[in-house]
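Chemist: A structural model of the following input is requested.
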Amino acid sequence: MGGLRRAFLDASVLYPVSLRNLLMRLTLTGLYQARWSAHVHNEWIRSVLQDHPHIPPARLQDLRAAMDERAEENGRKPIACLAAAQIDRCHWRLTRHKPIEKCEFGREDYGITG
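Modeler: This next block holds a predicted model:
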């Protein structure tokens, strides 16, 4: 498990649904370890609610909890459950705004303090 690459998933890849589903399936197969923060969860949920106000917020909160729970079951705790310094240990940052890149960003960029 220590040899798996870690990727920090930006809100832009957690919404749209099809991309989030693909990335979550790949992490659950053990291809890589997905990481995200509470700030990222809040951002993608806010975007979904803005685009689809008919979706009950509780449904998205349930999805958020399921993602966190499933990640923990597979030994891949999300950033929100780890010390803030863990974000620096990601190998890649996945975002739709830029090409996949090596992690060279600050914790503050994702709402992580401490």
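Chemist: So for stretch 47-60, what gets flagged as buried?
Modeler: By 16 or more other CB atoms under 10 Å, the buried positions in stretch 47-60 come out as 48, 60. No exception for glycine: its C-beta is placed from N, CA and C like everyone else's.
Chemist: Contacts for it next, please.
Modeler: The contact list for stretch 47-60 (CB atoms under 8 Å, 6 or more residues apart in numbering) reads 11, 15, 45.
Chemist: Where does the prediction get shaky in the protein?
Modeler: 1-3, 72-94, 97-114 (pLDDT under 70).
Chemist: Going along the chain, name the helices of it.
Modeler: Using DSSP state H, the helices of the chain run over 11-14, 17-28, 38-51, 57-73.
Chemist: Residue 5: which of those helices is closest?
Modeler: helix 17-28 (10.5 Å; CB to CB).
Chemist: which parts of that closest one are buried?
Modeler: Here helix 17-28 shows 20, 23-24, 27 as buried, counting by 16+ other CB under 10 Å.
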